[in-house]
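**Q** what would the 3D arrangement of this be:
(2 chains)
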2 protein chains.
Amino acid sequence: MEKDQLIAEMKKIVGEENVLHSKEALYAYSYDATPGHIYMPDVVVSPGNVQEVSAIMKFANEHKIPVYPRGSGTNLSAGTAPLKGGIVLLMLRFNKILDLDLENLIAEVEVGVVVQDINDYVAPHGLIYPPDPGTVKTASLGGTICENSGGLRGLKYGITKNYVQGLEVVLANGDIIHTGGKNVKDVSGYDMTKLFTGSEGTLGIITKAYLKLVPKPEAQASMIAVFNTLEDAGNAVSDIIAAKIIPATMEILDNSSIRTVEDFMHVGLPTDAAAILLLEVDGHPVIVADEKEKVLEVLKKNNAAEVTLAKSPEHKEQLWTARRMALPCLAKLRPTTFVEDATVPRSKLTQFLKIVTKAAKDYNVTIGTFGHAGDGNMHPTIVCDLRDKEEMERVHKAMDVIFRGAVELGGTLSGEHGIGLGKLPWMELQHGKEGMNAMKAIKRALDPNLILNPGKLIGEC
Amino acid sequence: MEKDQLIAEMKKIVGEENVLHSKEALYAYSYDATPGHIYMPDVVVSPGNVQEVSAIMKFANEHKIPVYPRGSGTNLSAGTAPLKGGIVLLMLRFNKILDLDLENLIAEVEVGVVVQDINDYVAPHGLIYPPDPGTVKTASLGGTICENSGGLRGLKYGITKNYVQGLEVVLANGDIIHTGGKNVKDVSGYDMTKLFTGSEGTLGIITKAYLKLVPKPEAQASMIAVFNTLEDAGNAVSDIIAAKIIPATMEILDNSSIRTVEDFMHVGLPTDAAAILLLEVDGHPVIVADEKEKVLEVLKKNNAAEVTLAKSPEHKEQLWTARRMALPCLAKLRPTTFVEDATVPRSKLTQFLKIVTKAAKDYNVTIGTFGHAGDGNMHPTIVCDLRDKEEMERVHKAMDVIFRGAVELGGTLSGEHGIGLGKLPWMELQHGKEGMNAMKAIKRALDPNLILNPGKLIGEC
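**A** Here you go, the predicted structure:
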């Protein structure tokens, strides 16, 4: 189809003011937060309601035009990059919190709402919406549902999937369907809600969701612990879980991350430490006091060189600086930053960190690793320069070692950022040909013309 | 295919001793715990390992022979009834707990293991596997995964799906795939684990699972409360949740159930009460004490006529008799028992119970209702005589009113028993034509010859 005709058709559906097609606008939507993936779309369309989405999909399906749903574009696996041109479907006009049902503890929210805004909205009622990806203040709900985002509270509170109870979805053919709902228990039919959650926009366009809310924990205790060996830090993580304590947060930073943060921030981090752990337990005040003591005991037993308890919320924020600044500081080192999220069973954490450290040394690349230790969800962050072909070859070799290592340890390519384009080459390694075929069959069943975010997650099919 | 040839082929794969085909044997596997669904299979086959399952599926797929996976046959929606003849695939030789990983709190279990046996196995380590359907002592793990079973602890601890982290599945074409695993977070590809869980054997044959375990709660407090009106009981349920207390158990019995149990058991139940609630809070001893007081306050505020606290575990078992005996006592009233499990958002509980009571009166049928009040998951239990055609017409009319009522209240046809054959007529009412088409497309994608438990869950497709 001619580009002009496509633009004219889109204007008919959503109105002229909601269609962008200038060179500048198309460039602005040609990439997301993932390095190395820039593809020009033909048009950027902002529908205002589910009927408009349905009309767009019907048209796109009939004419086999690719459609790339997009929220705030904070994606780290190129999931929103418009690989094959066509329509960028910008969902930010879906910006309303439609209902807060306090009897059933359910919020009904459109997908363009920023995740932090949901939390701000429910906070006066003593409730929280637990998923908190690093981008919580900018990411749209829809993006976090499509990617099934995690975050710092994932260990105790789970991830996005655990809180999405129902969806409104527009299918490739324009059909509008409703999955799940406000029912705590629902086994009527296949679990389409969970299938669409984490499907990276390849199976349907999500327009709104029913979100489960939980009571805000009454108390917290936070601390930071310094370790001289990776083994000790890894063992401390395992021993805390084995003691049947599930901290709300249990984050790790390796030496490379610690040194980088300290270089930029000068906050007094121990630059010779092998690792630091950041821990928070929360809940009823009595449990918090109890678990705090048990955690301190485990840290001591595993040779923590130093443990600092947060004396106030402000002090905690200060201690948390190292974790919050790890990515921004690492990103300042070099022009290009790849944040990976390979994840292993938590008992394999030390082994995995050693694989990462060895890969960095073997291929002479800079990798800082931090992440969610309690989940086994690490963020090996490779900083480099995309323009340096020789370096990029080494980077990809190191990535290959890291991903293969994770899968061999019974891990997964992605704990929370999704597959998108970045991790496609390793998908068959994890899922086998048979597993990939099964996923491709589902893709073709729901999107026979392959117009929904084509080329992502399962690749060509 | 000739029956003799099928039997001979099956013997080649699993050995003669694992193939049943006598008339008596076939009759024994022609039905499950659902009334009115008896269909003779051609052969009953017990594979001993995943390769044998794969070989059976390859053969069945090539010759388009229906395959009905089956565990203990305790199914309440005719999910295991061999509707179109063919092969009953008996999975009870998959009877091993393969591994207990205490560092990751994961058990690796074959599908033929009885659910209670998993709990007995992990109890010495202070762990529990929370899903506890009423049939916990007889149901096989595989059946509970296929049906995504719930139970009395569902409100606080969730249902089977929340504890299944990975699966080994044999697809219709014989392919063996592995989904998920020991990783707490995993967003690599579509969530096939959750898709197979609750798919009622229509998408693949599950052979083993990775199950998440949790620490056993340290303390419990149990009580029983008597109400003179359904409104008061319903409001008490809503108010407890609104007070941000999530009891481990919050069960309700209506007057009809109370009277029936008392008639058979003579345990001193208040036969003129409109409803009784059974409650249990659990966790850290301090929280339990705290929540117990808050629950007592809410019960009082909502005019509980009487509240009895359990003084000991034995006393609790005594108080729980009413709940445990509700179904067996109701079942004794008449030859046929339909246990339904329509579920509504918990705030709609009172409204739903009124619909059930009115349906019983309008169509002159006997319905006792009990169930998981905190989940909004009710068990309207219709007792009747399948041989009485006129009565059965009234029963189906009452069922129709109940299911339509649930869906109109934003509820679902099934909270934990599955759709199977029993609830098929109402599926389109809940999911719409578009929703049904999407599910049928997935079924055809994974099982193009429609040999896996054909005719169930989504009907013909």
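**Q** going by C-alpha atoms from here, please, whenever you check contacts or count neighbours.
**A** Will do.
**Q** how about the residues of the stretch 1-150 of chain A by chain B?
**A** For the stretch 1-150 of chain A, the contact set with chain B under Cα under 8 Å from any Cα of the partner chain comprises A:102-104, A:147-148, A:150.
**Q** in helices only, show me those.
**A** A:E147 (DSSP state H).
**Q** what's the closest of the residues of the stretch 1-150 of chain A next to chain B to A:F94?
**A** Within the residues of the stretch 1-150 of chain A next to chain B, proximity to A:F94 (Cα to Cα) peaks at A:E147, which comes in at 17.9 Å.
**Q** look up how far B:K137 lies from the closest one.
**A** According to Cα to Cα, to the nearest Å, A:E147 and B:K137 sit 39 Å apart.
**Q** now swap in A:F264 and tell me
**A** In terms of Cα to Cα, A:F264 sits 60 Å off from B:K137.
**Q** A:E147 and B:K137: which is more packed in?
**A** Set A:E147 next to B:K137 and count neighbours by other Cα atoms under 10 Å in any protein chain shown: A:E147 wins out with 28 against 12.
**Q** quick check: A:I118 vs chain B, distance?
**A** To chain B, A:I118 is 19 Å away according to Cα to the nearest Cα, to the nearest Å.
**Q** can you point out the buried residues in the host helix or strand of A:L26?
**A** Using DSSP states H and E, A:L26 maps to helix A:23-28. Judged by neighbour count using 16 or more other Cα atoms under 10 Å in any protein chain shown, the buried positions of helix A:23-28 are A:L26.
**Q** using PDB, list the CA coordinates for that helix.
**A** What follows is helix A:23-28, C-alpha atoms only, in PDB (Å, rounded to 0.1, in the frame of the first residue of the first chain):
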ATOM      1  CA  LYS A  23      10.400  12.600   9.200                       C
ATOM      2  CA  GLU A  24      11.200  13.900  12.800                       C
ATOM      3  CA  ALA A  25       8.200  12.200  14.300                       C
ATOM      4  CA  LEU A  26       8.900   8.900  12.500                       C
ATOM      5  CA  TYR A  27      12.600   9.000  13.700                       C
ATOM      6  CA  ALA A  28      11.400   9.700  17.300                       C
END
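**Q** what sits up against it?
**A** With contact meaning Cα atoms under 8 Å, 6 or more residues apart in numbering or on different chains, helix A:23-28 is reached by A:20, A:40-44.
**Q** kindly recompute the last result at 6 Å.
**A** The contact list for helix A:23-28, computed with Cα atoms under 6 Å, 6 or more residues apart in numbering or on different chains, reads A:P41.
**Q** do the same with stretch A:299-306
**A** In contact with stretch A:299-306 (Cα under 6 Å, 6+ apart) are residues A:225-227, A:232, A:236.
**Q** just the ones of those residues in strands?
**A** A:225-227 (DSSP state E).
**Q** can you tell me which of those residues are buried?
**A** A:225-227.
**Q** quick check: the gap between A:E200 and B:M91.
**A** 35 Å.
**Q** more neighbours: those two, which one.
**A** More neighbours surround A:E200 than the other of A:E200 and B:M91, with 32 against 27 (other Cα under 10 Å).
**Q** which one is that one nearest to, not counting chain neighbours?
**A** Spatial nearest neighbour of A:E200, chain neighbours left out: A:C146 (4.4 Å); criterion: Cα to Cα, 6 or more residues apart in numbering or on different chains.
**Q** and that neighbour, what does it touch?
**A** By Cα under 6 Å, 6+ apart, the contact list for A:C146 reads A:197-201.
**Q** need these in JSON lines (columns: distance to B:A28).
**A** Listed next are the contacts of A:C146 as JSON lines, based on distance: Cα to Cα, whole Å:
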{"residue": "A:T197", "distance to B:A28": "41"}
{"residue": "A:G198", "distance to B:A28": "43"}
{"residue": "A:S199", "distance to B:A28": "42"}
{"residue": "A:E200", "distance to B:A28": "46"}
{"residue": "A:G201", "distance to B:A28": "47"}
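**Q** dump those residues into CSV; add secondary structure and pLDDT as well.
**A** CSV is the format used below for the contacts of A:C146 (DSSP: H, G, I helix; E, B strand; the rest coil; pLDDT from 0 to 100):
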residue, secondary structure, pLDDT
A:T197, coil, 98
A:G198, coil, 97
A:S199, coil, 98
A:E200, coil, 98
A:G201, coil, 98
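**Q** of those - the most surrounded one?
**A** A:E200 (32 neighbours).
**Q** for it, give me phi and psi.
**A** Here is the backbone geometry of A:E200 (degrees, to the nearest 10): phi 60, psi 40.
**Q** distance of the residue nearest to A:K348 when sequence neighbours are not counted relative to A:R346?
**A** Excluding its sequence neighbours, the residue lying closest to A:K348 (Cα to Cα, 6+ apart) is A:L409, at 6.8 Å. Applying Cα to Cα, one obtains 10 Å for the distance of A:L409 from A:R346.
**Q** tell me which of the two has more neighbours.
**A** Neighbours were counted for A:L409 and for A:R346 using other Cα under 10 Å; A:R346 has more, 25 against 17.
**Q** need the pLDDT of the nearest residue to the more buried one once chain neighbours are set aside.
**A** Excluding the flanking residues, the one nearest A:R346 by Cα to Cα, 6+ apart is A:G376, at 4.2 Å. pLDDT recorded at A:G376 is 91.
**Q** distance-wise, check A:G376 relative to A:L349.
**A** For A:G376 relative to A:L349 (Cα to Cα), the value is 6 Å.
**Q** these two: which has the busier surroundings?
**A** A:G376 (31 against 27).
**Q** I'd like to know how far the closest residue to A:T135 other than its chain neighbours sits from chain B.
**A** Spatial nearest neighbour of A:T135, excluding adjacent residues (Cα to Cα, 6+ apart): A:T74 at 7.1 Å. Counting by Cα to the nearest Cα, the separation of A:T74 from chain B is 17 Å.
**Q** on the three-state scheme, A:T74 is what?
**A** coil (DSSP: H, G, I helix; E, B strand; the rest coil).
**Q** burial check on it, number of neighbours?
**A** Neighbour number of A:T74 under other Cα under 10 Å is 22.
**Q** for A:G166, same thing?
**A** Neighbours around A:G166, by other Cα under 10 Å: 23.
**Q** I'd like the average pLDDT over stretch A:72-85.
**A** What stretch A:72-85 shows for mean pLDDT is 95.
**Q** would you turn the residues of the stretch 1-150 of chain A next to chain B into CSV with pLDDT?
**A** Below are these laid out as CSV (pLDDT from 0 to 100):
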residue, pLDDT
A:L102, 89
A:E103, 85
A:N104, 88
A:E147, 96
A:N148, 96
A:G150, 90
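**Q** dump the residues of the stretch 1-150 of chain A next to chain B into TSV; add distance to B:H178 as well.
**A** What follows is those, written out as TSV (distance: Cα to Cα, whole Å):
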residue	distance to B:H178
A:L102	39
A:E103	39
A:N104	36
A:E147	21
A:N148	20
A:G150	23
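**Q** where does pLDDT dip in the stretch 101-250 of chain A?
**A** By pLDDT under 70, the stretch 101-250 of chain A contains no weakly predicted segment.
**Q** how near is A:G410 to chain B?
**A** Distance from A:G410 to chain B, by Cα to the nearest Cα: 7 Å.
**Q** for that residue, which non-adjacent residue is spatially closest?
**A** A:V344 (6.4 Å).
**Q** same check on A:M40?
**A** A:S30 (4.9 Å).
**Q** ok but the one you found is inside a helix, no?
**A** No. Counting by three-state DSSP, A:S30 falls outside a helix, being coil.
**Q** what sits against A:A275?
**A** A:227, A:253-255.
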